[in-house]
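Peer 1: coords please:
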Amino acid sequence: MKIKAIDHLVITTADLDKCLAFYVGILGMELDESNNRYTLRFGESKFNIYTRKAEFLPAAQNPAYGSLDLCLRVDESIDEIVKEIEAKGYPIEEGPVIRHGALGTMQSVYLRDYDGNLIEISSYN
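Peer 2: Reported below is the predicted structural model:
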């Protein structure tokens with residue numbers, strides 16, 4: 001077996017409106033809502049949004065709000081990303097800083113979504 005990529009992951013949120021405001025309004029993901037299910041699409045991946053723990057089964061054994069720590073890669077320079085986030089009035093928790101990702105050295109900024117998940121946005125440019 002050879003794993004190729006991450007297809008999707010699940011975010012469990014305590015407040016759907018604030019969750020969507022962050023991922024759609026701040027990060028620019030596309031919302032797909034159908035059959036009372038919420039999906040955020042970006043690139044070739046997606047986040048499924050659950051509004052209560054173990055909303056659909058099978059599920060993680062211990063889903064918890066604010067327990068994710070994930071990194072999203074962008075093509076723009078990190079300076080452009082910082083300007084965009086600041087223009088939207090959203091706080092940057094840390095950065096820009098140099099980090100080491102899957103493809104080598106990158107620059108990153110860190111944000112928290114409304115549930116407390118740590119979101120790293122990185123650029124190899």
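
Peer 1: for the chain, what spans make up the strands?
Peer 2: In the chain, strands defined by DSSP state E lie at 8-12, 30-34, 37-42, 45-50, 69-74, 94-101, 104-112, 118-123, listed in chain order.

Peer 1: roughly how far out does stretch 55-65 sit from the chain middle?
Peer 2: The chain centroid and the centroid of stretch 55-65 are separated by 18 Å, computed with C-alpha atoms, centre = their mean, to the nearest Å.

Peer 1: same check, this time on stretch 19-36
Peer 2: Centroid displacement of stretch 19-36 relative to its chain, using C-alpha atoms, centre = their mean, is 11 Å.

Peer 1: Would you mind listing the buried residues in that stretch?
Peer 2: Across stretch 19-36, burial judged by 16 or more other C-beta atoms under 10 Å covers 19, 20, 22, 23, 26, 27, 29. In this view, the C-beta of every residue, glycine as well, is placed from N, C-alpha and C.
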